[in-house]
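S.K.: Got a sequence here, can you model it:
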Amino acid sequence: MSVFKFSKVDCFLTYVGLTVLILDIGLDIYTAWSFYQEEDYVYLGILIALLVGSSMLCQVYSWLWYSYDKNGSMVTKVQEAVSPGLLKVVHFLQLGVYFRHATVVDITTCSCITKSPIREDLAVYAIHDLSLLRLFEAFSESAPQMVLLLTSMLRRGQTDYLTALKALASASAIALTVTTYHRCLRSFLPEKAKQSVFSSCVYFIWNLLLIFSRLSAIAVFASVQPCFIFPHFICYWMLFFFCAWRCKSTLMDSSAGEWFYRATAAFIWYFTWFNIVEGKTRYNTLCYHSLMLLDTGMLCGLWFWRTNTQTALIVLLSIILFYIAGLILKITYYKFFHPNLDKHELRAAEEMVSVSSENSDDVAERRFLNEDVVDGIVARDDGSRSDGKMRKRTENYNKRMRKLAENFYS
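M.R.: Modelled structure (predicted):
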């Protein structure tokens, strides 16, 4: 059994993440109050709908994952103190994600302050789920909210540098969330888990360029054709949902949960690429970005046609060039920094992690042992007991994140 010990830096970053979450709530309230003061009741209603919808989305995922993992995830003091019935109430009150944050804080506190031993696999399990929930929240709340802010500014016809700065900060936060999620995937590659700072910067920048240009294109179009942006989204979402269904993803443990995940993936695809199946996706990615580049140019072109100003032309060219620059950096990343493994190599890498703390004799023996996977618990034969029976050793790992890592690195 491994022991997970957070460093002081890890503790600091965890509390910073929780602080940023609280600040985000404050900014949402401030934005809603600003719309109310300006009597933009339509935008206020859309903002509230986005906040409520995103919260409900994340709560559903959080509850489903707790239901799937009830045999192995309720391990910390915070989780043990809540009964399954009370856990339902917590999620119904839209507090499930904050409950998960409390779980992670509990883990870091036990490790950094009380020095209590915490199993590394269970700690990483909780952090991986939280990183995936943050990713869903980023594209279901932050991305549409950025479009809403830019659209409101453009429709007023006044250059609001504070709003533009907020939009850039929002896009940076989304790109940072994607980068953090990617670094979590790296934990399944023991020899490449420590991603270089330069590689992370390249990954962050190309995501920032693609996301910011895509959201800006949607915003400028919505500023002149607000009634057509919703049919535009619905048409693309239906197309992407059909593609997600054809991909036959297998992330969730229930049929209803899998359909819900495919609908979420289709929502994310409206803004950026998200890999949901294993295997080579080069041609799928090429088709997707070609479609997005064409659609981005079309949205900006329609906006320029309605405004027909020199400033609009500069903005149009800047958005398209940003998107192309993001694609070039993405190609650069995949060419020089992205590790490619097949599914068997990835599982072999996990085996290396699981035996790394054992002595060399145990390592040689473990290579020939059987492995069973049930409900996210890995049960491996550790050897024969004195009575001739085999004894099992269980290890927790986040099978959802492992599946996504297989998709991303295969």
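
S.K.: what ranges of the chain fall below the confidence cut-off?
M.R.: In the predicted model, the chain carries pLDDT under 70 at residues 1-14, 16-17, 70-80, 110-123, 158-159, 190-195, 279, 340-397, 410.

S.K.: spatially speaking, which residue is in the middle of it?
M.R.: With distances taken as C-alpha atoms, centre = their mean, residue 135 lies nearest the centre of the chain, 2.4 Å away.

S.K.: Tell me the secondary structure at that one.
M.R.: helix (DSSP: H, G, I helix; E, B strand; the rest coil).

S.K.: which element is the nearest residue to it once chain neighbours are set aside on?
M.R.: Spatial nearest neighbour of residue 135, chain neighbours left out: residue 181 (4.8 Å); criterion: C-beta to C-beta, 6 or more residues apart in numbering. Every C-beta, even on glycine, is put in place using the N, C-alpha and C of the backbone. Element membership of residue 181, judged by DSSP states H and E, is helix 161-186.

S.K.: ok, back up a step: wait, isn't the residue nearest to the centre of the chain in contact with residue 175?
M.R.: No: using C-beta atoms under 8 Å, residue 135 makes no contact with residue 175, being 11.3 Å away.

S.K.: Sticking with residue 230, tell me its helix or strand.
M.R.: Going by DSSP H and E, residue 230 is part of helix 226-247.

S.K.: for that helix, the distance to its chain's centre please.
M.R.: Taking C-alpha atoms, centre = their mean, to the nearest Å, one finds helix 226-247 lying 20 Å from the centre of the chain it belongs to.

S.K.: Contact partners for the nearest residue to residue 240 once chain neighbours are set aside?
M.R.: Distances taken as C-beta to C-beta, 6+ apart put residue 266 closest to residue 240, at 3.7 Å, once the chain neighbours are dropped. Residues near residue 266 by C-beta atoms under 8 Å, 6 or more residues apart in numbering: 237-238, 240-241, 243-244.

S.K.: Is residue 276 in a helix, a strand, or coil?
M.R.: Three-state assignment for residue 276 (three-state DSSP): coil.

S.K.: same thing with the one 4 residues further on?
M.R.: Here residue 280 is recorded as coil under three-state DSSP.

S.K.: In terms of secondary structure, what does the top helix by length along the chain contact?
M.R.: Criterion DSSP state H: the longest helix present in the chain is helix 8-37. With contacts taken as 3 or more C-beta pairs under 8 Å, 6 or more residues apart in numbering; DSSP states H and E, helix 8-37 sits against helix 41-68, helix 96-112, helix 143-156.

S.K.: 7 Å instead?
M.R.: Helix 8-37 is packed against helix 41-68, helix 96-112, with contacts defined by 3 or more C-beta pairs under 7 Å, 6 or more residues apart in numbering; DSSP states H and E.

S.K.: quick one: which of those helices is nearest residue 161?
M.R.: Nearest to residue 161, of all the helices and strands packed on helix 8-37, is helix 41-68, at 19.3 Å by C-beta to C-beta.

S.K.: and the closest one, which residues are buried?
M.R.: Burial within helix 41-68, assessed by neighbour count using 16 or more other C-beta atoms under 10 Å, is assigned to 43-44, 46-47, 50-51, 54-55, 57-66, 68.

S.K.: Regarding stretch 216-234, how distant is the last residue from the first?
M.R.: One end of stretch 216-234 sits 18 Å from the other (C-alpha to C-alpha, to the nearest Å).

S.K.: Could you do stretch 216-230 as well?
M.R.: Using C-alpha to C-alpha, the two ends of stretch 216-230 sit 16 Å apart.

S.K.: Any chance you could list what contacts that stretch?
M.R.: Residues outside stretch 216-230 that contact it (C-beta atoms under 7 Å, 6 or more residues apart in numbering) are 147, 150-151, 154-155, 296, 299-300, 302-303, 306-307, 315, 319.

S.K.: before we move on, the earlier item: just the buried ones among the contacts of residue 266, please.
M.R.: Among these, the ones that count as buried by 16+ other C-beta under 10 Å are 240-241, 243-244.

S.K.: Report the secondary structure element holding residue 249.
M.R.: Using DSSP H and E, no helix or strand contains residue 249.
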